[in-house]
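Asks: no FASTA, just this:
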């Protein structure tokens with residue numbers, strides 16, 4: 001699971017195995033150590049009706065409604081978004097990059113634009 005924060009926007013990107021674990025457990029978390037401090041970011045299934053987030057005790061939690069999670073997990077739906085209290089929230093499946101990058105992308109979803117770009121290069 002990746003997190004991206006820019007200004008008042010928060011985006012989570014999940015690989016295929018992340019989505020599988022979230023489907024099974026309803027919860028997923030990652031941590032980043034900053035010396036003696038630790039930042040935890042998590043995704044949690046909730047009964048609420050929309051995406052929401054909170055930050056407490058060095059933990060950013062993105063809450064995803066169960067009905068939304070089920071649709072996201074079981075379909076080709078890429079993601080969901082919500083603008084709540086001045087913060088833009090986005091959760092999406094992580095696609096393979098079209099450019100060559102050094103990170104391992106073997107667990108990412110196939111990029112739907114890959115076939116189109118290959119065709120463009122062949123034309």
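Replies: Good, I have the coordinates. Predicted, not measured: the structure shown is a model, and the values here were computed from it.
Asks: who does the longest strand along the chain pair up with?
Replies: With secondary structure taken from DSSP state E, the chain has its longest strand at strand 37-46. Strand 37-46 sits in its sheet next to strand 27-34 (antiparallel), strand 59-65 (parallel), going by DSSP bridges.
Asks: closest one to residue 47 among those strands?
Replies: strand 59-65 (7.1 Å; C-beta to C-beta). (Each C-beta comes from the backbone N, C-alpha and C, glycine too.)
Asks: got the residue ranges for the helices in this structure?
Replies: Secondary structure of the chain, counting by DSSP state H: helices at 16-25, 66-74, 114-122.
Asks: ok so, going back, now the longest strand of the chain: mean pLDDT?
Replies: Mean per-residue pLDDT for strand 37-46: 97.
Asks: just how off-centre is it within its chain?
Replies: 12 Å (C-alpha atoms, centre = their mean, to the nearest Å).
Asks: follow-up on the earlier one: comparing the strands paired with strand 37-46, which comes out most buried?
Replies: strand 59-65 (a mean of 19; mean count of other C-beta atoms under 10 Å).
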